[in-house]
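Undergrad: Just a sequence and a predicted model for now, questions to come.
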Amino acid sequence: MIGKDYYQILGVSRQASEKEIKRAYRKLARKYHPDVNPSDESAEGKFKEINEAYEVLSDPEKRKKYDQLGDNWRYAEQFSQAGGQPQGDFGRGYTVFNFGDFATQTQGGSSGSIFDELLHQFRGEGFRASRRPRKGEDIDYPIEVTFEEAYHGGTRLIRNETEDLCQTCQGSGVISGQPCRTCGGSGRVIRPRQIEVKIPPGVKDGTRIRIAGEGKDGYGGGPRGDLYLVVSVKPNKLFERKDGDLYVEVSVPLFIAILGGEVEVPTPKGKLSLKIPPETQNGRIFRLKNQGMPYLNDSKKGDLLAKVKVMLPSKLSQKERDLFLELKSLSENNS
Ligand SMILES: [Zn+2]
């Protein structure tokens, strides 16, 4: 396989189930999260890699394509959409872009610019095409949100570094034959900036939120790339989340389980009253419609699944013991 082995990155086998992939991702994402490893660039790189691998392997469609085409799948897909044929010289063409002039352009990761180059080359426009205006690279920005933020949505101030065209040399890196002093000859300067970003309700692990035009500066007057927030959601003690549905355990006193009654169920919006019918068994699940997580960019919500946990009485009084004994002999006589 050419390029990255997403299975190896997540440390799972090629036959791994969706669950195994998710578990491996969560574990690694927590370990390499930039909040845990401030100013450790290798951890940040690793975190991006993990997210990239998870984005592909957690999506059955993408995973299938990746299994067939390897690292090229994304480009192959775009290429075929653009009317080309992803066969033949494709693999070789791609490899070319890992070398020489193009090596510097691959660091943005998921950016379209490598692909643009590829297209130009396949169309016979050759390497000169690279001097045409091009969109800047995209930036991946890992962000960890709480369960509450994932439910309600919210805003965050994030510090982002953008790479801008050096104004002194207009990006050429050279002034009167000398390397530009402002940018050290790279033609680009790093500009720290703070931006407010919106976190929409319903985000989950691996969600990518696009902030248009906040990526790296374009080339030759081309538009800026985009910024992608790569979301990981902190687990919640109370609720277990499966896509839109939430699972919660509800303690039900023995007498309510046997005789029926009402209990309180925690939901992300507060407590709800739940009717328990008589003779409710331990482990029974009640589905509370539309009380789960919101879906991303959708007005629909998942359900809340409340699982009954019957609480047995303890520290019985003598009288209570006697009554249970009486119940016992009753049930023995009945059967
Ligand atoms: Zn400069």
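TA: Structure's in. What do you need?

Undergrad: from here on, contacts and neighbour counts on C-alpha atoms
TA: OK.

Undergrad: Leaving out sequence neighbours, find the closest residue to the residue nearest to the spatial centre of the chain.
TA: What sits nearest the mean C-alpha location of the chain, by CA atoms, centre = their mean, is G206, with 0.8 Å. Using CA to CA, 6 or more residues apart in numbering and skipping residues adjacent in sequence, the residue nearest G206 is V231, 5.4 Å away.

Undergrad: what's across from the one you found in the sheet?
TA: I143 (DSSP bridges).

Undergrad: Just the pLDDT at it, thanks.
TA: At V231, the predicted lDDT confidence score is 96.

Undergrad: Over to G3?
TA: Reading off the model, G3 has pLDDT 67.

Undergrad: and what of G185?
TA: At G185, pLDDT is 90.

Undergrad: List the neighbours of stretch 220-238 that are in contact with it.
TA: With contact meaning CA atoms under 8 Å, 6 or more residues apart in numbering, stretch 220-238 is reached by 29, 51, 111, 131-147, 150, 203-218, 248-249.

Undergrad: Secondary structure element for the residue nearest to the centre of the chain, which one?
TA: Secondary-structure assignment from DSSP states H and E places G206 in no helical or strand segment.

Undergrad: now stretch 288-303: how far from the chain's centre is it?
TA: Chain-centre distance of stretch 288-303: 18 Å, with CA atoms, centre = their mean, to the nearest Å.

Undergrad: next one: stretch 232-243
TA: Distance, centroid of stretch 232-243 to centroid of chain: 13 Å (CA atoms, centre = their mean).

Undergrad: Check the separation of the first and last residues in that stretch.
TA: The first and last residues of stretch 232-243 sit 13 Å apart, counting by CA to CA, to the nearest Å.

Undergrad: Which positions in it come out as buried?
TA: In terms of neighbour count (16 or more other CA atoms under 10 Å), stretch 232-243 has its buried residues at 232-234, 239, 241.

Undergrad: do the same with stretch 211-226
TA: In stretch 211-226, counting by 16+ other CA under 10 Å, buried: 211, 213-220, 223-226.

Undergrad: returning to that earlier point: just flag the most distant two among the buried residues of stretch 232-243.
TA: Across the buried residues of stretch 232-243, the longest distance by CA to CA is 16.0 Å; it joins S232 and F239.

Undergrad: So which elements touch the strand or helix carrying I190?
TA: I190 is located in strand 188-199, with elements delineated by DSSP H and E. Strand 188-199 is packed against strand 154-165, with contacts defined by 3 or more CA pairs under 8 Å, 6 or more residues apart in numbering; DSSP states H and E.

Undergrad: Can you list the strands that the strand it packs on pairs with?
TA: When DSSP bridges is applied, strand 154-165 pairs with strand 188-199 (antiparallel).

Undergrad: Quick one: mean pLDDT for the strand it pairs with?
TA: On average, strand 188-199 scores 89.

Undergrad: Also stretch 311-319?
TA: 95.

Undergrad: who touches it?
TA: 251-254.

Undergrad: From those, which land in helices?
TA: Mapping the contacts of stretch 311-319 onto helices (DSSP state H) picks out L254.

Undergrad: Redo the contacts of stretch 311-319 as JSON lines? Include distance to I195, pLDDT and neighbour count.
TA: As requested, the contacts of stretch 311-319 are exported to JSON lines (distance: CA to CA, whole Å; pLDDT from 0 to 100; neighbours: other CA atoms under 10 Å):
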{"residue": "S251", "distance to I195": "44", "pLDDT": "96", "neighbour count": "17"}
{"residue": "V252", "distance to I195": "47", "pLDDT": "97", "neighbour count": "23"}
{"residue": "P253", "distance to I195": "50", "pLDDT": "97", "neighbour count": "17"}
{"residue": "L254", "distance to I195": "54", "pLDDT": "96", "neighbour count": "18"}
